[in-house]
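In: Let me see the structure of the following:
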Amino acid sequence: MKRLVLSAILAPVLFGVAPLSADDGFSLFSNTKYNGEVRARYENVDDENNAVQQANAYTVRAMLGLETTLFGVNGLSMKVDGTTVQTLGGTKYNDLSPTKFTNYDVVADPEQTRFTQGYIQYKMGTTTLKAGRQITNLDNQRFIGSVDWRQMPQSLDALSVTNTSIAGLNLYGAYVYSYATVFNEPTQESESVLLNATYKVNDMLKVTAYDYMLSLEKAQFAADTYGVALSGDVSAVGAKIAYRAEYAKQTDSTFDTTITNIEGKNDAAYYNLEATASMMGLSLGAGYEFLSGTTGSDGKTKFQTPLATLHKFNGTADKFLATPTGGLVDTSVSLGYGAAGLGNALVSYHDYETDVAMSGKSDLGSEWDLQYANAIPGVKGLNGLIKAAYYDGGDVATYTKDVTKLWLQLGYKF
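Out: The predicted model follows:
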């Protein structure tokens, strides 16, 4: 049924239907633009922590979207994206849905079809208002992101406003009343407010301040997270150095936490220091990220980021999608190279420890991540990706076993 509805709504894009107009020249739809994506991926997962078989997932994502002006009103528009995720032959993996193969490792890409965006937008000069389902990525996606690495992205159902009336200053605010995760499940309730302000002083300094007041049904999470980040690019000895320094605090929830049915008491901290030097296509980076933990009896809580694009952080093996009880300290280095025609290659190494010892142990293991991406010659919008993650377990319970993951991906956008 969802596929029928999706097809009916997007049919004007596929078949080029003209704008609906009355005899007096009134247009319901005009200036229609469309976009789309097809992304095929093979993912292999071998998690020794699970006494099951390796996962082999052959999946494809197809997205079709349109944006159109409404009623001929300048600044009033509508955006709709429909996305479907389907499997190909030879696929056996646990997709964490009712149709899962429980005797295989997990790949979080269940078959499903839904609207990933569907909002009305109104622009008044430097102010933009949106109402409806939105793909939302704030800053580096450490706290609010669309999880676009998974085949089905995460969407927020929200009322949002953006203002850029002051040069260099971007103000964003939203009320999120529900959200759709990457899984094939009902939309989850939310009573959350997102506030973000970014001021670019110059290329060397951008200041970002935020307060994310979350109350989330699916994550059973309620807390306020507020912080500040400094970022920019600095030139030194012929190289460009991109840096980020950030601190955040997680405190008691501002809002009534009735939808989560939990006590919104939180006391946790986060900070991140990272820098990457680039010169002649080469890049060398280093990072130190800290998410505080708890002993369970010290009155503290572990630092959590339930709406983040978590695959971007703490290694692509995804061992730390949930923060360990004792917290997480991630020390990393990376080496990369990129050039036109040659693509982009990146090798990263992570060393993981707890903030607070868990049963007297703190070693959470280490990880190597490798990836290579390049445009496919001859076809505009066609790109390929090869990626691998090798996690070596530590001595903390549930983090002692190794994990190996491999991805082969081909994507086309238009």
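In: Going by neighbour count, list what's buried in stretch 40-56.
Out: Residues 40-45, 47, 50, 55-56 are the ones in stretch 40-56 that count as buried (16 or more other C-beta atoms under 10 Å). Heads up, the C-betas are built off the backbone N, CA and C, glycines and all.
In: now, among these, which is nearest to residue 154?
Out: The shortest approach to residue 154 among the buried residues of stretch 40-56 belongs to residue 41, at 17.3 Å (C-beta to C-beta).
In: Need phi/psi at the closest one.
Out: Here the main-chain torsion angles of residue 41 (degrees, to the nearest 10) amount to phi -150, psi 140.
In: Find me the pLDDT at it, would you?
Out: In this prediction, residue 41 carries a pLDDT score of 98.
In: Likewise for the one 4 residues further on?
Out: The model reports residue 45 with a pLDDT of 98.
In: Same check on the one 10 residues further on?
Out: In the prediction, the pLDDT value recorded for residue 55 is 96.
In: before we move on, back to that, adding secondary structure and distance to residue 73, write the buried residues of stretch 40-56 out as CSV.
Out: As requested, the buried residues of stretch 40-56 are arranged in CSV below (DSSP: H, G, I helix; E, B strand; the rest coil; distance: C-beta to C-beta, whole Å):
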residue, secondary structure, distance to residue 73
40, strand, 39
41, strand, 40
42, strand, 46
43, strand, 45
44, strand, 50
45, strand, 49
47, strand, 53
50, coil, 55
55, strand, 49
56, strand, 50
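In: Would you point out the most distant pair within these?
Out: 40 and 50 (25.8 Å).
In: Contact partners for the closest residue to residue 265 other than its chain neighbours?
Out: Of all residues not flanking residue 265 in the chain, residue 252 sits nearest, at 5.5 Å (C-beta to C-beta, 6 or more residues apart in numbering). Residues counted as contacts of residue 252 (C-beta atoms under 8 Å, 6 or more residues apart in numbering) are 223-224, 264-266.
In: From those, keep the buried residues only.
Out: Of the members of the contacts of residue 252, the ones counted as buried by neighbours, 16+ other C-beta under 10 Å, are 223-224, 264, 266.
In: Identify, from the contacts of residue 252, the entry nearest to residue 212.
Out: Lowest distance from residue 212 to the contacts of residue 252 (C-beta to C-beta) belongs to residue 224, with 7.3 Å.
In: Am I right that that closest one sits in a strand?
Out: Yes - for residue 224, which was evaluated using DSSP: H, G, I helix; E, B strand; the rest coil, the result is membership in a strand.
In: what pLDDT does it get?
Out: At residue 224, pLDDT is 97.
In: partners of residue 159 in the sheet?
Out: Per DSSP bridges, the residues bridged to residue 159 are residue 131, residue 175.
In: for the chain, what are the low-confidence residue spans?
Out: Applying pLDDT under 70 to the chain picks out residues 1-26, 256-257, 260-263.
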